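> no FASTA, just this:
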C-alpha cells in the first residue's frame, strides 16, 4: 500500500513538472511586446533569446542520459528544476535585455534536463498511456501560461510578475524533488500494471514509437551520409518551427498588427494551446484507424487552410477559428512522424535518426521563429501567416517525397 501511494505521488510530481515545461513557452508569446517596450529593443531581438535557450536545451539534452546515470534521476530532476525556476526569476529582475539572453541558457539547461529525466522515468516505470498523457500535459502548461501573463500584465501592471510567479512555483517544485531524491531510484514509483502490460504486449508494442528496435551500433557517420535521413530530419525541423512560430508570434500579430486588445489576444492564444492539447489527447483514439499517412497529410492540409484563413485578416472570430484550426490540425502530426521513422530511413539507421530528429526539433523551434521576426521587421507583421502557409506547403511536399524514398529503400533492401 505504501509503495502504491509512493508511486502515485511520484507520478503526480512528474506530471506537474511536465506541465511546468509548457508554462514558459506560453508566457513568452504574451510577454514579448511588453518586454520589447521595457528594454527598448527591436522586434527581432527575440531571436537572441531563442538561440540562447536552444544552446542550453541542446547541451542538457545531449548529456542527459550520462548525467542521469552519474548523478541519479532525482538529482537531475531537482537541479534542472532549480535552474529553470531560477532563470524565470532572473528574467523578472533583469534590468537589461542582454542579461535576459544570457539567463536564457540556464532556462534551456533546466528545461532540457527536466524533459530527458522525466522521459527516462516514464519509459522505465510506466506504460505507453502514461507517456502520451505526460506529453499532453505540456499543452496544459502552454495553455495556462498565456492566461497567467495576461492577468499579470492587466492586473499587476508588469510582465515581470508573470515570470516571478511561475519561477517561484518552479522553485517550490525543485524543493519537492530535493525532498524526494531517494524515491526516484530504479523501481520507485513503478506501476505494476504498466510493467505487466509491457510483458504481455506483443514485441513490436513494447515501448518506442514503431515496430522496429533502434539499431545502436550503426556508425553515426554512416547515418549522416544518408540523404533519406536528412530528409526525415527536415520534417521535424519544419514541423516544430511551424508550431513554435505560431505560438510565439500570433499574440504580437493580433495586438500590434490587427488592433486586437491585449486581454482578448491573451485568451485567444490560450485557446490555441488548449485546443492543441485536446487534439493530442484525442489523437490516440483515431490514430490506429486512419493510419500515419492519412493523419499527417490530412492534418497538414487542414493546417494549411487555417494559415490561409489567418492570412486573409478576416474580422471577428475568424482569427480565433484560424488559430484553433491550425492547433487542432497539427496536434497529432509529431507522434505520427516519429512512428514512421523506420519506414522512411530503414531500421539500420532508426536509432541515430531519432536522436537527430529530436535535435532538429530544437533547431527548428529557434531558427524559424527567429527568421519570422526578421521577416516581420523588414516587411510587416502581416507577412507572418503567409510565411506559415509556405512552410506548411514545404512540409507536405517533403513528407510525400520521404514516402517515395522510403518505398525505394524497402525495395532495394
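The structure has been received and is ready for your questions. This structure is a prediction, so every number in the text was calculated from the model and none was measured.
> And for stretch 234-241, what's in contact with it?
330, 333-334, 337, 357-358, 360-365, 367-369, 391, 394-395, 398-399, 402 (C-beta atoms under 8 Å, 6 or more residues apart in numbering). For glycine as for every other residue, the C-beta is placed from the backbone atoms N, C-alpha and C.
> Among these, name the buried ones.
Among the contacts of stretch 234-241, those classed as buried by 16 or more other C-beta atoms under 10 Å are 330, 333-334, 337, 357-358, 360-365, 367-369, 391, 395, 398-399, 402.
> List the ones among the contacts of stretch 234-241 that fall in helices.
Per DSSP state H, helices hold the following members of these: 330, 333-334, 337, 357-358, 360-365, 367-369, 391, 394-395, 398-399, 402.
> Going by secondary structure, the residue lying closest to residue 177 once chain neighbours are set aside is in what exactly?
Excluding the flanking residues, the one nearest residue 177 by C-beta to C-beta, 6 or more residues apart in numbering is residue 78, at 3.7 Å. Taking DSSP states H and E as the criterion, the element that holds residue 78 is helix 73-93.
> What residues of that helix count as buried?
Using 16+ other C-beta under 10 Å as the test for burial, helix 73-93 gives 73-92.
> on contacts alone, who are the packing partners of it?
helix 2-39, helix 64-71, helix 97-125, helix 159-179 (3 or more C-beta pairs under 8 Å, 6 or more residues apart in numbering; DSSP states H and E).
> try it again with 7 Å
Here helix 73-93 touches helix 2-39, helix 97-125, helix 159-179, going by 3 or more C-beta pairs under 7 Å, 6 or more residues apart in numbering; DSSP states H and E.
> The longest one packs against which elements?
Secondary structure elements in contact with helix 2-39, counted by 3+ C-beta pairs under 7 Å, 6+ apart, are helix 73-93, helix 97-125, helix 128-151, helix 159-179, helix 227-252, helix 262-290.
> How far does the first one sit from its chain's centre?
Meaning helix 73-93. Relative to its chain's centre, helix 73-93 lies at 18 Å (C-alpha atoms, centre = their mean, to the nearest Å).
> what does it rub up against?
17, 24, 60, 67-68, 100, 103, 106-107, 109-111, 113-114, 117, 120-121, 160, 163-164, 166-168, 170-171, 173-174, 177-178, 180-184 (C-beta atoms under 7 Å, 6 or more residues apart in numbering).
> Quick one: low-confidence residue ranges for the stretch 151-300 of the chain.
By pLDDT under 70, the low-scoring segments of the stretch 151-300 of the chain are 185-218, 270-273, 284, 287-288.
> quick one, which of the helices and strands packed on helix 73-93 is nearest to residue 343?
Set against residue 343 and scored by C-beta to C-beta, these come closest in helix 97-125, at 22.1 Å.
> could you give the angle of that closest one to helix 128-151?
160 degrees (axes from the mean of the first three to the mean of the last three C-alpha atoms, to 10 degrees).
> buried set for helix 97-125?
Buried, per 16+ other C-beta under 10 Å, within helix 97-125: 97, 100-122, 125.
> Likewise for stretch 397-408?
Buried residues in stretch 397-408 (16+ other C-beta under 10 Å): 398, 399, 402, 403, 405, 406.
> Might one say that residue 279 is in contact with residue 331?
Yes - using C-beta atoms under 7 Å, residue 279 is in contact with residue 331, at 2.8 Å.
> Look at those two and report which has more neighbours.
residue 331 (23 against 20; other C-beta atoms under 10 Å).
> Now residue 370: closest residue in space, sequence neighbours ignored.
Nearest non-adjacent residue to residue 370 (C-beta to C-beta, 6+ apart): residue 47, at 3.2 Å.
> Which strand or helix spans that neighbour?
Going by DSSP H and E, residue 47 is part of helix 46-62.
> packing partners for that helix?
Against helix 46-62 (3+ C-beta pairs under 7 Å, 6+ apart) you get helix 97-125, helix 350-378.
> I'd like to know which of those is closest to residue 267.
helix 350-378 (21.6 Å).
> and that closest one with helix 227-252, angle?
Using the same axes, to 10 degrees, helix 350-378 lies at 40 degrees relative to helix 227-252.
> Helix 350-378 - contacts with which helices or strands?
Partner elements for helix 350-378 (3+ C-beta pairs under 7 Å, 6+ apart): helix 46-62, helix 220-224, helix 227-252, helix 341-345, helix 384-412.
> let's see 10 Å
helix 2-39, helix 46-62, helix 97-125, helix 220-224, helix 227-252, helix 333-339, helix 341-345, helix 384-412 (3 or more C-beta pairs under 10 Å, 6 or more residues apart in numbering; DSSP states H and E).
> Looking at it now, give me its mean pLDDT.
For helix 350-378, the mean pLDDT works out to 81.
> what does stretch 20-39 give?
On average, stretch 20-39 scores 88.
> Tell me which residues of it come out buried.
20-36.
> what about it, distance to the chain center?
So, by C-alpha atoms, centre = their mean, the centroid of stretch 20-39 is 16 Å from its chain's centroid.
> and this protein, what are its domains?
As assigned by automatic domain parsing, the chain contains the domains 1-182, 216-413.
> Quick one: distance of the shortest one to the chain centre.
Same thing as domain 1-182. 11 Å.
> ok, back up a step: show me the common contact partners of residue 279 and residue 331, please.
Residues touching both residue 279 and residue 331 by C-beta atoms under 10 Å, 6 or more residues apart in numbering: 136, 139, 299.
> Please work out how many residues are found near the first one.
This means residue 136. 20.
> surely it meets residue 276?
Yes - between residue 136 and residue 276 there is a contact at 9.5 Å, judged by C-beta atoms under 10 Å.
> Give me the common contacts of the two.
Common neighbours of residue 136 and residue 276 (C-beta under 10 Å, 6+ apart) are residue 331.
> give the contact list for the spatially closest residue to residue 244 that is not a sequence neighbour.
Ranked by C-beta to C-beta, 6+ apart and with sequence neighbours excluded, the top spatial neighbour of residue 244 is residue 365, at 4.1 Å. By C-beta under 10 Å, 6+ apart, the contact set of residue 365 is 25, 50, 53-54, 57, 237, 239-245, 247-248.
> Distance check, residue 243 against residue 177.
28 Å (C-beta to C-beta, to the nearest Å).
> Show the contacting residues for residue 22.
111, 137, 138, 139, 140, 141, 142, 143, 144, 145, 273, 277.
> residues in contact with the second one?
What it means is residue 137. Neighbours of residue 137 in contact, by C-beta under 10 Å, 6+ apart: 14, 15, 16, 17, 18, 19, 20, 21, 22, 277, 280, 281.
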